[in-house]
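K.L.:
Return a 3D structure for these sequence lines:
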Amino acid sequence: MDARMFQVSTLQSLALGYTRAVMTVGGLIQHGETGLGTFEDVNGEMIVIDGKCYRAMDDGRVTEAGDERGVPFASVAYMDNCREFELSGDYTMESLKAELNNRIEEDFGLNSMHVIQVHGTFEKIYARSELPYRAHHVTLKDMLDITQTSFEFSNITGSLVGVYYPDYMDGINAAGWHLHFVNDERNKGGHVYEIKMTSGKVRLAKKTRIDIQLPKDPAFDTYSLKSASKDEIKKVEQG
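P.N.:
This is a model prediction of the structure:
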């Protein structure tokens with residue numbers, strides 16, 4: 001069993017505008033089959049599912065990402081030894097996160113990391129992605145104010161894919177649940193900020209170790225990561 005979460009860089013550095021490639025997609029998927037992230041210059045939203053990496057573009061269209069594409073930030077892991085359970089009834093993002101928190105508190109513990117897939121039927125998915133923005137030391141919040149677009153999908157079946165990090169790791173990644181979506185046809189998706197889900201099957205795997213690949217670029221050391229505000233980090237997760 002692989003109890004490791006593999007992460008590229010930190011959320012603080014992404015929030016402060018470090019968007020250069022740290023590794024490639026081909027290298028990333030050697031470390032996990034499920035997860036999320038973004039691409040160099042924040043060129044779309046990343047969804048990793050079943051060992052393949054997809055890019056959601058600014059209009060919600062999804063294509064498979066080439067192995068050579070650069071990755072400035074991502075979290076991936078393997079789904080081995082995962083727990084599975086069904087969800088029925090109507091769920092919003094808030095109620096889904098509350099249900100998932102209850103499940104991991106009862107059965108795993110809120111102080112560990114988790115990787116998740118929720119294959120479900122959705123009346124609505126509210127999501128976003130963005131165009132690339134090539135600049136450094138420009139905060140992600142300021143970038144997204146310029147480049148981000150929002151869209152919605154109706155009556156769609158697909159998978160929420162994401163990670164959970166405990167509160168004490170806020171800044172390394174977003175505390176709580178961070179979820180992206182891709183449909184079954186793998187041609188629509190994005191970063192999710194609201195849902196209307198009618199049913200879902202959850203696969204959830206606990207991770208007790210983290211392996212972080214920091215940038216080797218000397219420019220990384222010019223960023224004052226502790227200055228990343230909670231508002232800037234929240235913008236990454238909530239959009």
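
K.L.:
Which residue lies nearest the spatial centre of this protein?
P.N.:
residue 36 (3.5 Å; Cα atoms, centre = their mean).

K.L.:
phi, psi of residue 65?
P.N.:
Backbone torsions of residue 65, given as degrees, to the nearest 10, read phi -80, psi 140.

K.L.:
The host helix or strand of the residue nearest to the centre of the chain - contacts with which helices or strands?
P.N.:
Residue 36 belongs to strand 34-38 when assigned by DSSP states H and E. Packing partners of strand 34-38 (3 or more Cβ pairs under 8 Å, 6 or more residues apart in numbering; DSSP states H and E): strand 45-49, strand 73-77, strand 113-130, strand 148-165, strand 176-183. Placement of C-beta: from N, CA and C, glycine included.

K.L.:
Would you reformat those strands as CSV and include distance to residue 57?
P.N.:
Below are the helices and strands packed on strand 34-38 laid out as CSV (distance: least, Cβ to Cβ, whole Å):
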stretch, distance to residue 57
strand 45-49, 9
strand 73-77, 17
strand 113-130, 6
strand 148-165, 9
strand 176-183, 12
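
K.L.:
Out of those strands, which gets nearest to residue 202?
P.N.:
For the helices and strands packed on strand 34-38, the distance to residue 202 is smallest for strand 113-130, at 5.1 Å, taking Cβ to Cβ.

K.L.:
Run the angle between that closest one and strand 34-38 for me.
P.N.:
Between strand 113-130 and strand 34-38, the angle comes out at 40 degrees (axes from the mean of the first three to the mean of the last three Cα atoms, to 10 degrees).

K.L.:
can you pull the buried residues of strand 113-130?
P.N.:
For strand 113-130, the neighbour count (16 or more other Cβ atoms under 10 Å) marks 113-120, 122, 125-130 as buried.

K.L.:
Likewise for stretch 101-115?
P.N.:
Buried-residue list, stretch 101-115, by 16+ other Cβ under 10 Å: 103-104, 108, 112-115.

K.L.:
Then stretch 81-88?
P.N.:
82, 87.

K.L.:
By mean pLDDT, point me to the weakest helix or strand of this protein.
P.N.:
In the chain, no helix or strand scores lower on mean pLDDT, DSSP states H and E than helix 230-238, which sits at a mean of 63.

K.L.:
if we can go back for a sec, turn the buried residues of stretch 101-115 into JSON lines, columns for distance to residue 42 and pLDDT.
P.N.:
Converted to JSON lines, these look like this (distance: Cβ to Cβ, whole Å; pLDDT from 0 to 100):
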{"residue": "103", "distance to residue 42": "32", "pLDDT": "93"}
{"residue": "104", "distance to residue 42": "29", "pLDDT": "93"}
{"residue": "108", "distance to residue 42": "32", "pLDDT": "64"}
{"residue": "112", "distance to residue 42": "29", "pLDDT": "96"}
{"residue": "113", "distance to residue 42": "23", "pLDDT": "97"}
{"residue": "114", "distance to residue 42": "25", "pLDDT": "97"}
{"residue": "115", "distance to residue 42": "22", "pLDDT": "98"}
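
K.L.:
May I have the residues that are in contact with residue 164?
P.N.:
Contacts of residue 164 were listed using Cβ atoms under 8 Å, 6 or more residues apart in numbering, and they are 100, 104, 113-116, 176-178.
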